[in-house]
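**Student:** Got a sequence here, can you model it:
(2 chains)
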Amino acid sequence: MELIIALLNGTLAAVGVYLLLDRNLFRILLGLALLAQAANLLVFTSAGLGDGSTPIIPKGAETLPAGHPDPLAQALVLTAIVISFGVLAFCITLLKQAHQRSGQSDVMALAKSQR
Amino acid sequence: MPGDRRGPSTMSFDQFNPAWVVLLIFAAAFLAPVLARVPQKNVGWLLAVLPALAFAFFAVGGVSVWQEETWRSSIEWAPAVGVNWDVWVTPLGLFLALLVTGIGALITIFAGAYFGDSPHRGRFFLNLYLFMGAMLGLAVTENLIVFFVFWELTSISSYLLIGFNHSKTEARKSALDALLVTGGGGLVLLAGILLLGQVGGSFLLGELIENRDAVHAHPLYAAILICFIVGAVTKSAQFPFHFWLPGAMAAPAPVSAYLHSATMVKAGVFLLALLHPLLGDTPLWHYTLLAIGAITMTLGALIAVLQTDLKRLLAYTTVSALGTLVMLLGFEDDLAAKAAVIFFIVHALYKGALFMIAGILEKTTGTRDVSQLHGLMKSMPVLGIAAVFAAASMSGIPPFIGFISKELLYQVKLEAPITGWSLLVCGIVANAANIVVALKVGVAPFLQSRGEDMTLKSKPSIGLVIGPVVLGLGSLIFGIFPQLILGDAVTALVNQIKVADVTIKLKLWHGLNLVLLLSVVTVALGFVGFAFRKRFWALGREITKRASHFEATRIFRGLLQAVIQFAGLVTRTIQSGNLRQYAICVLTAFLALLVWAFVRLPIDMQIPDLGNLRFDVILVFGLIAVGSVCMLLTRKRLTAVLFLGSVGFGIAALFALYGAPDLAITQLLVETLTLVLFALAIYNLPSLPSAVETKRPRIVSLVISLAFGAGITVLTLKAMSMQLEEPVAVEIAQRSVSEAYGRNVVNVILVDFRSLDTLGEIAVLAIAALGVAGMLRSACSSVQVSSRAPSSAVLLASARFTAPAMIAFSIYLLLRGHNEPGGGFIGGLVGAMAVVLIHLARPDLPLRFLKLSPRGLVAIGLGLAVVSGLPGLLGEGSFAAAAWGPAFDLPLIGKLKLGTPLIFDVGVYALVLGIVLLLYDTMQMWNASSRSQPQPIP
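**Tutor:** You can find the predicted model right below:
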């Protein structure tokens, strides 16, 4: 299972990067969104997958049972998900703004129009 | 008193810390503009009280410093890094402090009269006091780091003073020249101070001097010395950095009289004298200073003779005088130190007077051209006498103190074993040139008759004249009673500079000897030079015409221009503006780092067998992988966004399958919002033809993305194979129930154990959202959003029931989050969706939650999160340490324990809610404003 998840991570990252390197503004946004997903998944999986139980201490117990997943990684990813949403929103606005002001959707043309 | 090495002093004054005088002057600087508003012409007199008091303080308090008592104290500043404001009034420092405050008081009176009721005088006094405080700080500070702060403050405040007439281009340029030269030198000085601190193990001058031998023996000694010399010679306008000083004559007369006679430019000389006990008396010290000083002295004097502008004449002789001082500090024997000290005083007295006289002449006659000025003695007799006194001292005529100084100069040069006669010749030339200048500035304008006398535009007021008179009389009185007034001081100064224990006797008349003969020859040469002055002026004009390319200012500005152009070239090359290029750079660097990390940290990568495959998980994988690849292939924007959604929901499912309910819920909600965001953003964004048409960029993209994907795959596998001894999560889980009263460990980490991190993260979120709002508001501020009709009745009806339920549910999620999946993030997202739903149904109503605007929610959320950290400061003394109250058993929610983490989580809830609403609001307002040119969704 781990191997498949690792390959999935790689796929997401590769597609994200390919889109990021495109010249079209909209595809760059899509690439950014995918890269954020890949990064979150990377943090989540690199702490180990656990046995499927949740990091919630059962009633009556004092600590998590053996084989539990890593709660620290989950806490990191939880805020990362929300932050990547905020950053994505920021980038969408930024690129929209750039597009609206210059009328260009091609980053190469955008670079030239800034000169 | 801390650091008092010679036991308790008998002086009562040392109970008072001189640092407070410095701070008082800084404080007064900000009061000065208010005072200067008083519609009173003689406001200068009022403002001069403080410097005069400071002068009296140092004069009285310092009497025992001349007897070599110590006067030290310290103010804690940053004790953890060994930087305190250590004050040590040494004889040298006291000497400088007396000059700064004494001449400062005279200049303040002068400036008050000079500016009259000009509206700019408030600004002037502010800058002047700032400068005065900085110079005074420099004089009394022992700690070299703090010393450097004052050093830079003098550069900055003098920049403001030189550029005082900022409407003139030349003033601005000259001020910038001065700032760049002295500021650049300051940076080199800082390097020297840091090196010295490393080598000598302290930043305190006293301790460093005790460690002198170690510093001298260290291989970095030469580097340290050169750094300090660069710092000093840039400040004191030594060749080849001399040009900023004549340029600085763009400043008003009071500035020139203060900064460029007695204070700022002397700071470099002061630094060298201060450091002589520590770094001096090596061949490198001697020869460097002798060479720089002699060149500057001779060059400055020669250029001065060629000038006709009063202030430039004086500026170049100042350069020459500073060269003389640097040269004298380069000599080995005690006599040279004595000569330097005396000349320091002499120069401050006569140059201050002459600069002020130049200002008065310009003000009263309207010209600064010495070839025009004549016959002013009748109209300004008092000023004329003061001018003649100053000129006589400058020329070294007995009984003025300048005579003593010149005799000493010649004696040093005659007796110096290492330089022979060459410096003597330079000295005679320079002194003769000084006499020419003294005659031109101090004597000719008043005594030279040319038929009709000049008429004055205005009579100089007493405020203008008092400064030159006091300083001119000083030159005479100091010359007649040198031992009485200066004996102790000069002895203490020489002993400090040379670490000696000599007693100095000063007297005016040394009898008939070789030195006197040289003096007579010099004066004769000076008069001959004065007789031929018109030839010199013609020569000067010729040289300016022919050799303007070699003028130092021009070269410097040319170099500066070249640096700026080079920087522009580099920026244009690197910052192409092409996003793709930047991304390639970042990604390649990331890959390189990744490979380097793999090589450096050889973690065994266990490739796990596929084993227990789960069908449900495979299905989710398929969803994600296919979704992402389809995003690559599709040509339609909406399709791409939907596939992005499928990837996101797939990952949410993955989180759910692998025991992360909080993550799954959050991901699900965020993914929904992302879809909404993209759908809103899709309006008038371009459609999707792949813009990479040509083959090569496509191949580059492919290679980089495949390498990146492979790297991430390997990284994941390696990370999963790594076994930590004791993951920190184990301890967190153990302390979760007992200390944080929570069973949902993820939430406990977020709001309690690592709440400071979370605070940082939500702050980032808030900044991003406000950035979006700001950008969009500015884009659509001009467009009036038309009132919109309510949408479909079905939506309205369903929203009426679901939205309140959703809000209740969101609060339930928030409150139970400490023990079950939920919490502030999830609750806030659900709450936001409810509000958005209401708004979709009733777009005519403003977007509100409990009457709060999105911005208000963000502010309240962030505020609550910060406030919740404060009680921790009281208890355990650390921010964000949790404090707990009583617990309640609530229906549905279960046990709820009150405490700061709960407040924090409520803050997160409000903030997330606010941010989502803010984003939604601005996006859809923007769309509403740009709907006038709608584009079809493909």
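**Student:** list the helices and strands the helix or strand where B:I767 lies packs on?
**Tutor:** Using DSSP states H and E, B:I767 sits in helix B:755-780. The contact analysis (3 or more C-beta pairs under 8 Å, 6 or more residues apart in numbering or on different chains; DSSP states H and E) places helix B:755-780 against helix A:71-102, helix B:854-867, helix B:900-929. Using the backbone N, CA and C atoms, a C-beta is placed for each residue, glycine as well.
**Student:** Just the buried positions in the first one, please.
**Tutor:** Burial within helix A:71-102, assessed by neighbour count using 16 or more other C-beta atoms under 10 Å in any protein chain shown, is assigned to A:71-93, A:95-99.
**Student:** and chain B, which of the residues you listed reach it?
**Tutor:** For chain B, the contacts drawn from these by C-beta under 8 Å from any C-beta of the partner chain are A:71-75, A:77-79, A:81-83, A:85-90, A:92-93, A:95-97, A:99.
**Student:** Could you look up the SS state of B:P399?
**Tutor:** Look at B:P399: counting by DSSP: H, G, I helix; E, B strand; the rest coil, its state is coil.
**Student:** Count the neighbours of it for me.
**Tutor:** Per other C-beta atoms under 10 Å in any protein chain shown, the neighbour tally for B:P399 reads 18.
**Student:** For the spatially closest residue to it that is not a sequence neighbour, report the pLDDT, please.
**Tutor:** Spatial nearest neighbour of B:P399, excluding adjacent residues (C-beta to C-beta, 6 or more residues apart in numbering or on different chains): B:G479 at 4.8 Å. pLDDT recorded at B:G479 is 84.
**Student:** what about B:G479, how many neighbours?
**Tutor:** For B:G479, using other C-beta under 10 Å, the count is 25.
**Student:** unless I'm mixing things up, B:P460 is touching B:M380, no?
**Tutor:** Yes - using C-beta atoms under 8 Å, B:P460 is in contact with B:M380, at 6.3 Å.
**Student:** list residues touching both of these two?
**Tutor:** B:I360, B:T364 (C-beta atoms under 8 Å, 6 or more residues apart in numbering or on different chains).
**Student:** how far does the helix or strand harbouring B:A353 sit from the chain's center?
**Tutor:** Using DSSP H and E, B:A353 maps to helix B:334-365. Here helix B:334-365 shows a centroid-to-chain-centroid distance of 32 Å under the convention C-alpha atoms, centre = their mean, to the nearest Å.
**Student:** and the residue nearest to B:P399, what does it touch?
**Tutor:** B:G479 neighbours (C-beta under 8 Å, 6+ apart): B:S393, B:P398, B:P399, B:F400, B:I401, B:G402, B:F403, B:I404, B:L508.
**Student:** The same query, at a cut-off of 7 Å, please.
**Tutor:** Residues in contact with B:G479 (C-beta atoms under 7 Å, 6 or more residues apart in numbering or on different chains) are B:P399, B:F400, B:I401, B:F403, B:I404, B:L508.
**Student:** give the contact list for the third one.
**Tutor:** Spelled out, it's B:I401. For B:I401, counting by C-beta under 7 Å, 6+ apart, the contacting residues are B:V346, B:S393, B:S475, B:F478, B:G479, B:P482.
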